[in-house]
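K.L.:
Whatever this is, show me its structure:
(chains A and B)
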Amino acid sequence: MFRGTLYRGHEGMWSWVLHRITGIAIYFFLLVHILDTATIRLDAELYNVVMASYKTPIMGLGEAVLVAAIVFHAFNGLRITLVDMTAWASRHHRALFYGVLVLWTVVMIAFLPRHLMHVFGG
Amino acid sequence: MKLFRLDRLAWVFMRVSGVVLIVLIFTHLTVNLMQDGGVKAIDFAFAAGKLANPFWQWFDVTLLWLALIHGSNGMRVVIEDYVYRPGLKRGLLVSLGVSAATLIVLGTLVIFTLDPCPAGSPADLLPSFCAAG
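P.N.:
Now for the predicted structure:
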């Protein structure tokens, strides 16, 4: 017997919550990132000093979290677009959400060791 | 009817720009965080060297416009979902629009007016092709 609600606590809700949180986080990083990049127009040395702050261990971990958020938002956005566009994806939206998590895991496995080696390796 | 059309346009834009942004940002992250020394290799010589190439200029300017409009429209939806006080909502939406417009103009100017070999900068900070001139 079906109990509870169709939405709350299920894949659809988590997909929506995560899409919103990652989107907001990426937006605020984008604001900062455009400003830090703009210092390249002012002075070469200044730009290098600003970029050096992205190479610290803490910021390196921040970049890992940022990339994780971007990759999730990208694949989940694709899932939303497919679910809106095709009846097939709409029927299988739940399976597609797990597909998003699998793809996200694969990309993060490809990205993380390399990035962490850049940040923490000599 | 007019509002309906604008909303519809925003809806389509989020999906189309989203697909393009996946290609642009995955490329951006591969070139800047994965290749060679990753984040440790990013400095003036690297970034100005890239922006001396018209391909990367147009790549970055497309990324700038699409990402900022996509992100700002997303934030507009979030504001409309959670902010009910008319004055506050209006203020937030106006600041959102002003920030987006300012950063688009600033970023576009930076990309197209950057001198990769600025006079007076230490030569060892500049892209290697600066020495040839």
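
K.L.:
Against B:A123, how distant is the closest residue to chain A within chain B?
P.N.:
Residue nearest to chain A within chain B (Cβ to the nearest Cβ): B:G38, separated by 3.2 Å. Just so you know, the C-beta spots here come from the backbone N, C-alpha and C atoms, and that holds for glycine as well. Distance of B:G38 to B:A123, given as Cβ to Cβ, to the nearest Å: 25 Å.

K.L.:
quick one: least confident helix or strand in chain A?
P.N.:
helix A:87-91 (a mean of 90; mean pLDDT, DSSP states H and E).

K.L.:
follow-up on the earlier one: comparing B:G38 and B:A123, which shows the higher neighbour count?
P.N.:
B:G38 (22 against 9; other Cβ atoms under 10 Å in any protein chain shown).

K.L.:
Pretty sure that one sits against A:H118.
P.N.:
Yes: using Cβ atoms under 8 Å as the test, B:G38 is close enough to A:H118 to be in contact (3.2 Å).

K.L.:
Which element, helix or strand, includes the closest residue to chain B within chain A?
P.N.:
Using Cβ to the nearest Cβ, the single residue of chain A nearest to chain B is A:H118, 3.2 Å away. Per DSSP states H and E, A:H118 falls inside helix A:93-120.

K.L.:
all helices in chain B, in order from the N-terminus.
P.N.:
Using DSSP state H, the helices of chain B run over residues B:2-29, B:44-51, B:54-82, B:86-113.

K.L.:
okay if I get these as CSV plus distance to chain A, mean pLDDT and mean neighbour count?
P.N.:
CSV is the format used below for those (distance: least, Cβ to the nearest Cβ, whole Å; pLDDT from 0 to 100; neighbours: other Cβ atoms under 10 Å in any protein chain shown):
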stretch, distance to chain A, mean pLDDT, mean neighbour count
helix B:2-29, 5, 91, 14
helix B:44-51, 4, 96, 20
helix B:54-82, 4, 97, 16
helix B:86-113, 4, 97, 14
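
K.L.:
A:F28: which of those is closest?
P.N.:
Set against A:F28 and scored by Cβ to Cβ, those come closest in helix B:54-82, at 9.0 Å.

K.L.:
So what's the gap between the closest one and the chain middle?
P.N.:
Here helix B:54-82 is found 7 Å from its chain centre; the criterion is Cα atoms, centre = their mean, to the nearest Å.

K.L.:
got the angle between it and helix B:86-113?
P.N.:
Calculated by axes from the mean of the first three to the mean of the last three Cα atoms, to 10 degrees, helix B:54-82 forms an angle of 180 degrees with helix B:86-113.
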